[in-house]
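Asks: Need coordinates for the below:
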Amino acid sequence: MQNFKADLVIYLAGADPYLDDRFGRLALTKKGLAERDRLVFQSCLKAGLPTAVTMAGGYAHNVQDAVDIHFQTVLSAVDFQKSFGSPLK
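Replies: Coordinates of the predicted model:
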């Protein structure tokens, strides 16, 4: 990110890498997707970059799985926001 002199990160937090997604092919678990979110947010925080998050994908056979994945991303984003030090707007 620093090589590109970025001012902002736009994170497209897709749920389609989930192992039971009908279209994704990465076969990540919910825990794996939560770790992905943590790594992205940690990298953004380390770089001092504000981050906009959008939800994407989510074609699991069980709709609740997609909801759980997106909700976990939101919780991770809130934790990241607290670490970043500026209030949510």
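
Asks: contacts, neighbours, all on C-alpha from now
Replies: Fine.

Asks: residues near the closest residue to Leu49 other than its chain neighbours, how many?
Replies: Once flanking residues are discounted, Leu49 sits nearest to Leu8: 5.6 Å by CA to CA, 6 or more residues apart in numbering. Neighbour count for Leu8, taken as other CA atoms under 10 Å: 13.

Asks: correct me, but Leu8 touches Ala47?
Replies: No. Contact criterion CA atoms under 8 Å: Leu8 and Ala47 do not qualify, at 10.1 Å.

Asks: and the longest helix along the chain, which residues are buried?
Replies: In the chain, taking DSSP state H as the definition, the longest helix is helix 63-84. By neighbour count on 16 or more other CA atoms under 10 Å, the buried set for helix 63-84 is 65-66, 69-70, 72-74, 76-77, 80-81, 84.

Asks: With pLDDT added, can I get those in a markdown table?
Replies: As requested, those are exported to a markdown table (pLDDT from 0 to 100):
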| residue | pLDDT |
| --- | --- |
| Asp65 | 97 |
| Ala66 | 96 |
| Ile69 | 97 |
| His70 | 97 |
| Gln72 | 97 |
| Thr73 | 97 |
| Val74 | 96 |
| Ser76 | 95 |
| Ala77 | 94 |
| Phe80 | 86 |
| Gln81 | 85 |
| Phe84 | 69 |
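
Asks: Closest one of these to Arg36?
Replies: Thr73 (9.4 Å; CA to CA).

Asks: show me the contacts for that closest one.
Replies: By CA atoms under 8 Å, 6 or more residues apart in numbering, the contact list for Thr73 reads 13, 34, 37.

Asks: Strands - which of the residues you listed land there?
Replies: The members of the contacts of Thr73 that map onto strands under DSSP state E are Ala13.

Asks: State the number of residues packed around Ala52.
Replies: Residues within reach of Ala52, counting by other CA under 10 Å, total 11.
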